[in-house]
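Undergrad: Sequence and predicted structure, then a few things I'm wondering about:
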Amino acid sequence: MPFRLCLTFSALILICTVAPATAQTRCGWMSAQTLDSLLPAAAPWRVMVGGSMGSCKFTGSGGPGGVAILGANQMLKSDAAEAAELARSLRNNLGADYRIEADSALGEHGFLYFPKSAGGAESRVSVSYVGHYKHVAITGQLVMPVGAGFDAYRSGAKEFMRAALAVADDAKATAEAAHCRWFDEPILRRLLPGEGFSQQAFGANSCMAQNGSAMALILSIQDGVGEDVAARMRDASCTWEAVEAGAMLGHSCSSGRPRAILQIRHQGKLLQYALAPSREPTPEERALLVELGVKVSER
């Protein structure tokens, strides 16, 4: 189980890296007005990434010290025990490069962690969070303006994370988040075989599927991307080839984690699927990735 949990966390880190920061009008579980009252030190807050559930990120006015950023990613687990185990495992995997502060308000195994510099000094601008409630686990981060003290943000940031956890009580939102409209489950299950299969939508612009062991598929979505921009987005360290439905397939990348990437344009959107196992994807897996993209493009 720990390996599966670490994969889930790694996949979320990948989502934060590849998912487009497309502005949304609202976050389903936190309004900008509510956040203004929770964290007036950086008001007014604005939604940077939103959606009904999965991932929300806000930016705040930080004054001369720069902007403030606050966000959380929500993960649906099979039950409360698995959500708690994820938090416990993440805490156990953190080393001496972080100071850990337990916080039971974020669940029995909830905690904050503060990165340290090479010299051992604790960061004064960045705080990360891990929590769990019922079948939902979260990871979150607060980036403060330079010179801002954490005391002015501590209480409000905690309430933000608690609100992220409270979606576990919203059966409709969690049910909707458990399926991604840009996936086809029968093909996914062939691509990601295993009893631990799951999929989740993270806001409006990204989705993830995994098989509970060593394979994950990350989808990022961007609106209004032309072919010239899509071409510039292709990793030059990968081999790219044209495939069905006008899509482009990248593989055999010389840098980064072994992966296969499918770019396909559909309904004015650029869909980018990244298959990331712990080894180079096989030709059969790449073919299934193309089949998935073609199936979606036919809808």
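TA: All right, it came through fine.
Undergrad: What segments of the protein are helices?
TA: 2-18, 32-38, 80-93, 154-165, 171-177, 185-191, 227-233, 283-297 (DSSP state H).
Undergrad: hey, which of those helices is tucked in deepest?
TA: When the helices of the chain are scored by mean count of other Cβ atoms under 10 Å, the highest mean neighbour count falls to helix 154-165 (a mean of 20). Quick note: C-beta positions are derived from backbone N, CA and C, even for glycine.
Undergrad: Can you pull out the residues in contact with it?
TA: Residues outside helix 154-165 that contact it (Cβ atoms under 8 Å, 6 or more residues apart in numbering) are 29-30, 35, 38-41, 56, 70, 72, 74, 103, 105-107, 127, 129, 131-133, 136, 138, 140, 142.
Undergrad: In the protein, mark out all the strands, start to finish.
TA: 45-49, 55-60, 68-76, 98-102, 111-115, 126-133, 136-143, 198-201, 206-210, 216-223, 239-242, 248-251, 260-266, 269-276 (DSSP state E).
Undergrad: Take the ones you listed and lay them out in JSON lines including distance to Ala152, mean pLDDT and mean neighbour count.
TA: JSON lines is the format used below for the strands of the chain (distance: least, Cβ to Cβ, whole Å; pLDDT from 0 to 100; neighbours: other Cβ atoms under 10 Å):
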{"stretch": "strand 45-49", "distance to Ala152": "14", "mean pLDDT": "92", "mean neighbour count": "20"}
{"stretch": "strand 55-60", "distance to Ala152": "11", "mean pLDDT": "93", "mean neighbour count": "24"}
{"stretch": "strand 68-76", "distance to Ala152": "10", "mean pLDDT": "94", "mean neighbour count": "24"}
{"stretch": "strand 98-102", "distance to Ala152": "17", "mean pLDDT": "95", "mean neighbour count": "13"}
{"stretch": "strand 111-115", "distance to Ala152": "15", "mean pLDDT": "96", "mean neighbour count": "19"}
{"stretch": "strand 126-133", "distance to Ala152": "12", "mean pLDDT": "97", "mean neighbour count": "23"}
{"stretch": "strand 136-143", "distance to Ala152": "11", "mean pLDDT": "96", "mean neighbour count": "24"}
{"stretch": "strand 198-201", "distance to Ala152": "33", "mean pLDDT": "88", "mean neighbour count": "22"}
{"stretch": "strand 206-210", "distance to Ala152": "31", "mean pLDDT": "90", "mean neighbour count": "25"}
{"stretch": "strand 216-223", "distance to Ala152": "34", "mean pLDDT": "92", "mean neighbour count": "22"}
{"stretch": "strand 239-242", "distance to Ala152": "48", "mean pLDDT": "97", "mean neighbour count": "12"}
{"stretch": "strand 248-251", "distance to Ala152": "45", "mean pLDDT": "97", "mean neighbour count": "21"}
{"stretch": "strand 260-266", "distance to Ala152": "42", "mean pLDDT": "95", "mean neighbour count": "22"}
{"stretch": "strand 269-276", "distance to Ala152": "38", "mean pLDDT": "94", "mean neighbour count": "22"}
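Undergrad: Indicate which one of the ones you listed is closest to Lys295.
TA: Ranking those by proximity to Lys295 (Cβ to Cβ) places strand 260-266 first, at 10.5 Å.
Undergrad: name the helices or strands packed onto the closest one?
TA: Secondary-structure packing of strand 260-266 (3 or more Cβ pairs under 8 Å, 6 or more residues apart in numbering; DSSP states H and E): helix 227-233, strand 248-251, strand 269-276, helix 283-297.
Undergrad: for it, the distance to its chain's centre please.
TA: 19 Å (Cα atoms, centre = their mean, to the nearest Å).
Undergrad: what do you get for stretch 250-269?
TA: Counting by Cα atoms, centre = their mean, stretch 250-269 is centred 18 Å from the centre of its parent chain.
Undergrad: Report how far apart the opening and closing residues of that stretch are.
TA: 19 Å (Cα to Cα, to the nearest Å).
Undergrad: With stretch 187-201 instead?
TA: Stretch 187-201 has an end-to-end distance of 17 Å (criterion: Cα to Cα).
Undergrad: Now tell me what touches that stretch from outside.
TA: For stretch 187-201, the surrounding residues in contact (Cβ under 8 Å, 6+ apart) are 4, 51, 53-54, 75-76, 78, 176-181, 183, 185, 207-213, 215-217, 275, 285, 288-289, 291-292, 295.
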